[in-house]
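Enquirer: fold the following for me, if possible:
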Amino acid sequence: MSISWRSSAAAFEQILGRHGVAAGACTMEAAWAAFEEFVQIPIEGVEGPEDDGDGFIVEWGVWDWTGNRPALSLGRLLAVNEDGDRQDPYWQPQYWKVEFQARFAEDPAWADLHISGGGDTGFDHAAIGKPRAEALAETCLFIDQDPILSAMWRSAPIDIEVTLDRAG
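Expert: Got it, this is the predicted structure:
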């Protein structure tokens, strides 16, 4: 089964719901399980894995767009190839990002972790299937070993949101 890139956020929201993820009732473990399922679904209308058409990233930090609250983002970047003239030597795909963002309350225990600068795991464009499952397992291990991420992972978000927005 594959889904259109245009309906990818709605599909992700459905998967999140099946995993019991909802505003006011979210654990990061459940959100991660839903994300693992979501990033294994083929997406129509994007470049292939040989052209980094589909990847994922984990990002964290405190930004003005998160209301200056600590946030953790699970994102899937899609290189959409449906628009424009592919014969044009300057043609490039449009990049869109499906993002699950969890925002957390300030916690005095996090004060010395310096979340404000933010960080990310970098994009991983492993092919869907076993390569992507292995990449997700490595990312999960990184999350578990990083003090900031593991602290966020154990906390309950106060707000969650799923979006599909044009990236860069």
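Enquirer: need the pLDDT of the residue lying closest to Y95 once chain neighbours are set aside.
Expert: Among residues not flanking Y95 along the chain, A167 sits closest, at 4.2 Å (C-beta to C-beta, 6 or more residues apart in numbering). The C-beta positions use only the backbone N, C-alpha and C, and glycine is treated the same way. Note for A167: predicted pLDDT of 88.
Enquirer: so what's A167 up against?
Expert: L77, Y95, W96, K97 (C-beta atoms under 8 Å, 6 or more residues apart in numbering).
Enquirer: same check, this time on P49
Expert: Neighbouring residues of P49 by C-beta under 8 Å, 6+ apart: H125, A126, A127, I128.
Enquirer: same question, E36
Expert: With contact taken as C-beta under 8 Å, 6+ apart, E36 is in contact with A133, L136.
Enquirer: at 10 Å instead, please
Expert: E36 makes contacts with I15, H19, F56, L74, R132, A133, L136, A137, T139, C140, as judged by C-beta atoms under 10 Å, 6 or more residues apart in numbering.
Enquirer: which helices and strands sit right next to the helix or strand of the chain with the lowest mean pLDDT?
Expert: None of the helices or strands of the chain scores lower by mean pLDDT, DSSP states H and E than helix 147-153, at a mean of 86. On a contact count with 3 or more C-beta pairs under 10 Å, 6 or more residues apart in numbering; DSSP states H and E, helix 147-153 meets helix 28-38, strand 54-62, strand 70-80, helix 130-145.
Enquirer: so what pLDDT did L78 get?
Expert: Listed pLDDT for L78 reads 96.
Enquirer: these two touch, right, it and I57?
Expert: No - with contact defined as C-beta atoms under 10 Å, L78 does not reach I57; the gap is 11.9 Å.
Enquirer: common neighbours of these two, please.
Expert: In contact with both L78 and I57: K97, using C-beta under 10 Å, 6+ apart.
Enquirer: higher neighbour count, those two?
Expert: Comparing L78 with I57 by neighbour count (other C-beta atoms under 10 Å), the higher total belongs to L78, at 22 against 18.
Enquirer: distance of that one relative to R18?
Expert: Separation of L78 from R18 (C-beta to C-beta, to the nearest Å): 22 Å.
Enquirer: excluding chain neighbours, what is closest to A127?
Expert: Per C-beta to C-beta, 6+ apart, closest to A127 is P49, 4.4 Å.
Enquirer: ok so, going back, okay, the least confident helix or strand of the chain in PDB with CA atoms only?
Expert: The C-alpha coordinates for helix 147-153 follow below in PDB (Å, rounded to 0.1, in the frame of the first residue of the first chain):
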ATOM      1  CA  PRO A 147      20.600  13.300  27.900                       C
ATOM      2  CA  ILE A 148      18.400  16.000  26.400                       C
ATOM      3  CA  LEU A 149      16.400  13.600  24.200                       C
ATOM      4  CA  SER A 150      16.100  10.900  26.800                       C
ATOM      5  CA  ALA A 151      14.700  13.500  29.300                       C
ATOM      6  CA  MET A 152      12.200  14.700  26.700                       C
ATOM      7  CA  TRP A 153      11.300  11.000  25.800                       C
END
